[in-house]
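J.: everything below, folded, please.
(one chain, ligands or ions: 1)
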Amino acid sequence: MKKVHNFTAGPCVLPQEAIDKTIEALKDFKGTGVPVISISHRTKEWESVMDECRSLWRELLNIPEDYEILFLHGGASMGFLYVAMNFLEKKAGYLETGVWAKKALKEAKGLGEAYAVASSADKTFCYIPKDYEIPSDLDYFHITTNNTIYGTEIRYDMDCPVPLIADMSSDIMSRPVDVSKYAMIYGGAQKNVGPAGVTFAIVRRDILGKVSRYIPTMLDLRTHVEGKSMFNTPPVFAIFVMNETLKWLKSIGGVEAIHKINVQKAELLYGEIDRNPLFVGTAAKEDRSIMNVCFVMAPGYEHLQDEFMAFAKERGMTGIKGHRSVGGFRASIYNACPLESVQALVDCMKEFEQLKK
Ligand SMILES: *Cc1c(COP(=O)(O)O)cnc(C)c1O
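T.: Below is the predicted model of the structure:
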């Protein structure tokens, strides 16, 4: 097989160990003689995977006992809707830091009063707004901790006078998080914790059941709390791979260990972007994401964009094209992206510089 360095934004690179375990389970799931994609979710073998996965989440993120851990369908995009359905009674505030944040806000607007408390739309979301106050009369305040498209990130757990709800699709498990600061954390698994097809939600029990609207059964988070994420058929295959991904994360030392490596990878790549005269970063330095690194050709070198893309591709780099709304390049360096891949990209940038200077 061709050696590639995969920087795709999602679905994306997964740990090889998790992939190998999945291939085994596709032949024989836990000695049942049945492939994991053909197992009934009502078997004890499957229930043991659900239990193991929930306890890995609890252990790795240090999730307090008064929080439920749910595995759902519909992606983070469905999450935008059930957040508003379950928690918006009078008024909700959103931090508008990108397209995903806007989409989350749109769903809330469809159900009631919701608005952007602060926004960085004025500069194509290249920074995280800082000068704003969170009103204390909100039902909740919604943030997107990592802005996958623009490469900005809120890398701390903020104090919030109202329940704080976070879409952590693209930075979950990349750093230690104080879960107790949040009323709910949710996201699609397909960036850092598994393949596409499953969504995680971590919800503090006491915030449920406070709105007066009718909530359709499948969108009512209480349905999934009561059904232990098996009210209907869960995405068995995606949860299996997520479980293996978390087992890998635990085996290498958990979230604190991976955070150190993530910082190292990000510093290596940003260091090169800042040093190399051919390239320039697009996100405000103080808000740079350690998951998605966005950069463009520096002024005067714009004409070399396609050439660098081809040059990098020849050397095995894949998925470095920036999102169409930003252009340039984006290297997604999620948990499972090895340091060697980041080094390979940096080497490639250096080589290109030598060629063009
Ligand atoms: C990818 C992404 C989404 C969308 O997730 P889906 O599972 O495709 O709905 C939402 N928010 C963020 C921050 C993302 O990175």
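J.: A266 against N292, yeah?
T.: No: the pair A266 / N292 is not scored as a contact, 9.7 Å apart, by Cβ atoms under 8 Å. Using the backbone N, CA and C atoms, a C-beta is placed for each residue, glycine as well.
J.: which one of these two has more residues nearby?
T.: N292 (29 against 21; other Cβ atoms under 10 Å).
J.: which ones are touching I215?
T.: M85, N86 (Cβ atoms under 8 Å, 6 or more residues apart in numbering).
J.: can you check M85 too?
T.: L111, V211, R213, I215, P216, L219, D220.
J.: interface residues of the protein facing the ligand?
T.: Within reach of the ligand by Cβ under 6 Å from any ligand atom, the chain has these residues: G10, G75, A76, S77, W100, T144, T148, D167, S169, S170, G188, K191.
J.: let's have those in TSV, adding secondary structure and neighbour count.
T.: Listed next are these as TSV, based on DSSP: H, G, I helix; E, B strand; the rest coil; neighbours: other Cβ atoms under 10 Å:
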residue	secondary structure	neighbour count
G10	coil	20
G75	helix	17
A76	helix	24
S77	helix	15
W100	helix	22
T144	strand	30
T148	coil	25
D167	strand	28
S169	coil	26
S170	coil	28
G188	strand	27
K191	coil	30
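J.: among the residues you listed, which one lies nearest to Y67?
T.: D167 (16.5 Å; Cβ to Cβ).
J.: can you pull the pLDDT of the closest one?
T.: Predicted confidence (pLDDT) for D167: 98.
J.: what does S38 give?
T.: Reported pLDDT for S38: 96.
J.: swap in S170?
T.: pLDDT, read off for S170, is 98.
J.: ditto for the one 3 residues further on
T.: On pLDDT, M173 comes in at 98.
J.: before we move on, what about D139?
T.: pLDDT, read off for D139, is 98.
J.: before we move on, what about V326?
T.: According to the prediction, V326 has pLDDT 88.
J.: for it, which three-state class applies?
T.: Using DSSP: H, G, I helix; E, B strand; the rest coil, the structure places V326 in coil.
J.: and for the one 10 residues further on?
T.: Under the three-state scheme (three-state DSSP), A336 adopts coil.
J.: show me what contacts D20?
T.: By Cβ under 8 Å, 6+ apart, D20 has no neighbours at all.
J.: what about it, helix or strand, and which?
T.: When secondary structure is defined by DSSP states H and E, D20 falls within helix 16-27.
J.: got it, and E267?
T.: With DSSP H and E as the test, E267 turns up in helix 254-275.
J.: what are the buried residues along the helix or strand that that helix is followed by?
T.: Downstream of helix 254-275, the next assigned helix or strand under DSSP H and E is strand 279-281. For strand 279-281, burial by neighbour count (16 or more other Cβ atoms under 10 Å) applies to F279, G281.
J.: in contact with Y115, which residues are there?
T.: Y115 neighbours (Cβ under 8 Å, 6+ apart): K91, A92, G93, Y94, L105.
J.: what's the spacing between the first one and the ligand?
T.: Read it as K91. Counting by Cβ to the nearest ligand atom, to the nearest Å, the separation of K91 from the ligand is 23 Å.
J.: in the stretch 101-250 of the chain, which residue sits nearest the ligand?
T.: G188 (2.8 Å; Cβ to the nearest ligand atom).
J.: how's the chain carved up into domains?
T.: 16-251, 254-356 (automatic domain parsing).
J.: residues touching the most centrally placed residue in the chain, list them.
T.: By Cα atoms, centre = their mean, the chain has its centre lying nearest to S170, at 1.7 Å. Residues near S170 by Cβ under 8 Å, 6+ apart: A9, G10, N146, T148, G187, K191, N192, M291, N292, S332, Y334.
J.: pretty sure P235 contacts F200?
T.: No: contact between P235 and F200 fails when scored by Cβ under 8 Å: they sit 11.4 Å apart.
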